[in-house]
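Q: from the sequence below, what's the structure:
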Amino acid sequence: MKQFLIAIGWFISCAAMGQNANVPAATTIKANFTIASIKAYQESATLKVADYYQYLGLLSSSNTSDALKTEVKAALFALFEDKNVTVADITATTPTTIALVDLITKITNQNYSFTLSNYENSIVAADYWTTKYQVTIQQNETQTEQIYFQRVLFKPTTKTFGTTKKEIWTLFLGEVTF
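A: So this is what the prediction gives:
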């Protein structure tokens, strides 16, 4: 019986370790890039964050044509790995999150504008880092400031060029927290 319990304990221990397995070394950022390269990609990620808010501004503008809004939505979704990601609800009076698709519906024709500043990037994890930034949100005469933490995913993806497939590293924006 004692051996049986030891075997069960070993099995549970191994199963628990398997569930907490790390990302394979071949797909970790630090295993594939130098610190200088990572910093360059982090700077590029801040541009993606800025693009995100530019797109939100265009979608919220009542002066933007419907045809352009359709194009902007497509470009906006391309910034994210998952279009159902949770982002900051910029329309709320207290910090809360909302699905990206719901935020787009909520801000359409509401005339928001955004100013970003004070970017800071965290230490790199296996396949992401966090970018902290301050955003000033303006709608008509109302202005608020928030500090957000944006997860930025950086991982290999397979792209097809005609009949050729190539693995390239791609930046995606992830969820936003406070």
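Q: contacts and neighbour counts: CA atoms only from here.
A: Will do.
Q: what's around A92, how many residues?
A: Residues lying near A92 (other CA atoms under 10 Å) number 10.
Q: same question for S61.
A: If we define neighbours as other CA under 10 Å, then S61 has 18 of them.
Q: equivalent analysis for W129, please.
A: W129: 21 surrounding residues under other CA under 10 Å.
Q: ok, it to V101 distance?
A: Computed as CA to CA, to the nearest Å, the W129 to V101 distance reads 23 Å.
Q: and stretch 84-95, what's buried?
A: V85, T86, V87, A88, D89, I90 (16 or more other CA atoms under 10 Å).
Q: how long is stretch 135-146 end to end?
A: Using CA to CA, the end-to-end distance of stretch 135-146 comes to 5 Å.
Q: so where is this protein shaky, pLDDT-wise?
A: 1-26 (pLDDT under 70).
Q: what helix or strand does the residue lying closest to K83 once chain neighbours are set aside sit in?
A: In space, and not counting its chain neighbours, K83 is closest to F77: 5.6 Å by CA to CA, 6 or more residues apart in numbering. Using DSSP states H and E, F77 falls within helix 66-78.
Q: give the pairing partners of the helix or strand following that helix; include direction for each.
A: Following helix 66-78 in sequence order, the next helix or strand is strand 86-88 (DSSP H and E). Applying DSSP bridges, strand 86-88 is found paired with strand 97-99 (antiparallel).
Q: for the top strand by length along the chain, packing partners?
A: The longest strand of the chain (DSSP state E) is strand 142-161. Where contact means 3 or more CA pairs under 8 Å, 6 or more residues apart in numbering; DSSP states H and E, strand 142-161 is packed against strand 128-139, strand 164-177.
Q: list the neighbouring strands of that strand plus their orientation.
A: Short version: by DSSP bridges, strand 142-161 pairs with strand 128-139 (antiparallel), strand 164-177 (antiparallel).
Q: for that strand, which residues meet the burial criterion?
A: By 16+ other CA under 10 Å, the buried positions in strand 142-161 come out as I147, Y148, F149, Q150, R151, V152, L153, F154, K155, P156.
Q: show me the contacts for the last one.
A: For P156, the contacting residues are T27, E167, I168, W169, T170, by CA atoms under 8 Å, 6 or more residues apart in numbering.
Q: can you select the buried ones among those for me in ChimeraX?
A: The ChimeraX command for the buried members of the contacts of P156 (criterion: 16+ other CA under 10 Å) is given here:
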select :27,169
